[in-house]
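Engineer: structure for the following, please:
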Amino acid sequence: MKSAIISSLTFSLIVSPLTLAQDLPRLKGRTMGNDYLVTWDDEHHSPKKMISLYQQIEQRLSNINSAMSTWDKQSELSQINHSSVTTNITMSPELTHVVVEAKRLAELTQGALDVTVTPLIQLWGFGEDSKARTQPSDAAIAHAMTQVGIDKISINGNQLTREHDEVRINLSAIAKGYGVDAIAEVLKENGINNFLVDIGGEVKVSGTKQDEPWVVGIEKPAAYAANPMTAIALTNKAVATSGDYRNYFKQDGKHYSHIINPKTGKPVPHQVVSTTVIHDSCMTADGLATALMIMPIKDSLALAEKMALPVMIIENQVDELVIHESSAFKQYQP
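Structural biologist: Got it, this is the predicted structure:
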């Protein structure tokens with residue numbers, strides 16, 4: 001692994017495709033509160049095919065939202081969360097798949113990724129039902145912590161059990177990446193093998209773009225298509241980024257991020273600006289990127305080295321940005 005100091009600038013980061021050829025077919029839409037972009041390198045893209053692909057993608061994303069949205073009160077997950085039933089809850093195959101992976105990643109990261117953290121998210125003002133963003137009392141945090149913990153849910157096949165009816169599951173740290181993987185499946189089902197899928201900065205690529213790897217940049221959002229901090233060349237990989245710059249509030253001169261540490265009940269105190277993870281699965285990369293925002297940097301890098309996981313962490317050290325890279329990350333820089 002290596003670390004490098006870069007200029008002391010104040011900016012936030014997103015992941016985005018770079019230098020897409022203008023003649024490649026592309027589809028755009030909106031899902032999970034984010035824009036999505038799908039583009040592929042294929043000679044055959046008749047209007048009929050474009051319409052069919054768009055309809056299939058929209059239907060697939062609609063199904064995911066119907067299963068996993070916490071904003072849609074009629075979704076499968078919302079109904080589970082607000083039900084008095086706590087044992088032997090039958091989940092759809094799709095929801096089961098994502099919850100099982102969330103549980104696995106929680107164990108892998110020693111609880112850093114915790115999809116039961118909703119009571120704390122609400123308490124700090126970052127949830128769909130929150131009314132104000134303000135630092136809560138220690139007593140309120142302690143009460144919310146009684147409802148939080150990955151050990152409060154168990155899964156047996158497609159059967160879910162919650163410890164009590166105040167346990168809530170929120171898949172926002174992993175569902176967007178799953179959506180990227182799902183669109184990729186739609187493309188492959190249609191015989192398209194050279195493509196890029198982007199939902200709000202979570203990206204998956206397959207094959208090549210005009211016989212070259214797809215290039216993805218980690219950029220300044222104010223200059224969306226220019227001046228990337230770094231670029232990575234990908235083939236048959238996914239990349240996800242997480243950061244505290246997107247959603248936070250300040251009170252009494254302190255910065256409170258929406259990234260909540262489930263072990264303390266409070267926003268993470270360290271100055272990690274963002275984490276970027278490369279993986280075969282965008283769902284897994286998405287979840288790990290969130291978990292690595294919570295874990296101490298040394299622990300994140302140790303896990304990355306142990307797993308041979310490509311990881312880049314951007315840290316703010318007294319207004320100087322420091323890049324930490326795992327050994328496996330270097331091979332993706334062109």
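
Engineer: so I232 lies in a strand, does it not?
Structural biologist: Yes: counting by DSSP: H, G, I helix; E, B strand; the rest coil, I232 falls inside a strand.

Engineer: for P213, see how far away the residue nearest to it when sequence neighbours are not counted is.
Structural biologist: Nearest residue to I232, sequence neighbours excluded (Cβ to Cβ, 6 or more residues apart in numbering): Y332, at 4.1 Å. C-beta coordinates here come from the backbone N, C-alpha and C atoms, glycine included. Computed as Cβ to Cβ, to the nearest Å, the Y332 to P213 distance reads 9 Å.

Engineer: okay, these two: which has more neighbours?
Structural biologist: Between Y332 and P213, counting by other Cβ atoms under 10 Å, Y332 is the more crowded of the two (20 against 17).

Engineer: circling back to that earlier point, any shared contact partners between Y332 and P213?
Structural biologist: Common neighbours of Y332 and P213, counting by Cβ atoms under 8 Å, 6 or more residues apart in numbering, are A233, L234.

Engineer: end-to-end on stretch 146-155?
Structural biologist: Taking Cα to Cα, to the nearest Å, the first and last residues of stretch 146-155 lie 20 Å apart.

Engineer: please compute how far that stretch lies from its chain's middle.
Structural biologist: In terms of Cα atoms, centre = their mean, to the nearest Å, the centre of stretch 146-155 is set 21 Å apart from its chain centre.

Engineer: tell me how far the residue nearest to I232 lies from M312.
Structural biologist: 9 Å.

Engineer: one more: I150?
Structural biologist: Applying Cβ to Cβ, the value for I150 to M312 is 26 Å.

Engineer: cool, and N261?
Structural biologist: 21 Å.

Engineer: of these two, which one has the most company?
Structural biologist: Neighbours were counted for N261 and for M312 using other Cβ under 10 Å; M312 has more, 26 against 20.

Engineer: beta partners of the more buried one?
Structural biologist: Counting by DSSP bridges, M312 forms beta bridges with T276, E325.

Engineer: hmm, it is touching A231, no?
Structural biologist: No: if you go by Cβ atoms under 8 Å, M312 and A231 don't touch, sitting 11.6 Å apart.

Engineer: now for the two: what residues contact both?
Structural biologist: Here M312 and A231 share the contacting residues I218, scored by Cβ under 8 Å, 6+ apart.

Engineer: could I get the average pLDDT for the helix ranked longest in the chain?
Structural biologist: Across the chain, the longest stretch assigned as helix under DSSP state H is helix 47-68. Averaging pLDDT along helix 47-68 yields 94.

Engineer: which elements pack onto whatever helix or strand comes next after it?
Structural biologist: For helix 47-68, the following helix or strand on the C-terminal side (DSSP states H and E) is helix 76-81. Helices and strands touching helix 76-81, by 3 or more Cβ pairs under 8 Å, 6 or more residues apart in numbering; DSSP states H and E, are helix 47-68.

Engineer: can you pull the contacts of the most centrally placed residue in the chain?
Structural biologist: Closest to where the C-alpha atoms of the chain average out (Cα atoms, centre = their mean) is D286, at 3.3 Å. Applying Cβ under 8 Å, 6+ apart, we find D286 in contact with A173, I174, K176, G177, Y178, V180, E202, A240, S242.

Engineer: switch the cut-off to 6 Å
Structural biologist: I174, K176, G177, E202, A240 (Cβ atoms under 6 Å, 6 or more residues apart in numbering).

Engineer: what residues does stretch 175-182 touch?
Structural biologist: With contact meaning Cβ under 6 Å, 6+ apart, stretch 175-182 is reached by 32, 60, 64, 68, 98, 197, 199, 202, 204, 240, 282-283, 285-286.

Engineer: let's go with 7 Å and repeat that
Structural biologist: For stretch 175-182, contacts defined as Cβ atoms under 7 Å, 6 or more residues apart in numbering pick out 31-32, 34, 60-61, 64, 68, 98, 197, 199-200, 202-204, 238, 240, 281-283, 285-287.

Engineer: next: stretch 236-255.
Structural biologist: If you take Cβ under 7 Å, 6+ apart as the criterion, stretch 236-255 is touched by 12-15, 125-126, 133-135, 177, 180, 201-206, 216, 218, 232, 256-259, 272-282, 285-286, 289-290, 293.

Engineer: which of those residues count as buried?
Structural biologist: 13-15, 125-126, 135, 177, 180, 201-206, 216, 218, 232, 256-259, 272-279, 281-282, 285-286, 289-290, 293 (16 or more other Cβ atoms under 10 Å).

Engineer: select from those every entry located in strands.
Structural biologist: Among the buried ones among the contacts of stretch 236-255, DSSP state E puts 14-15, 202-206, 216, 218, 232, 256-257, 272-279 in strands.

Engineer: where in the stretch 1-150 of the chain is pLDDT low?
Structural biologist: Scanning the stretch 1-150 of the chain with the threshold set as pLDDT under 70 gives 1-22, 43-44, 128-132.
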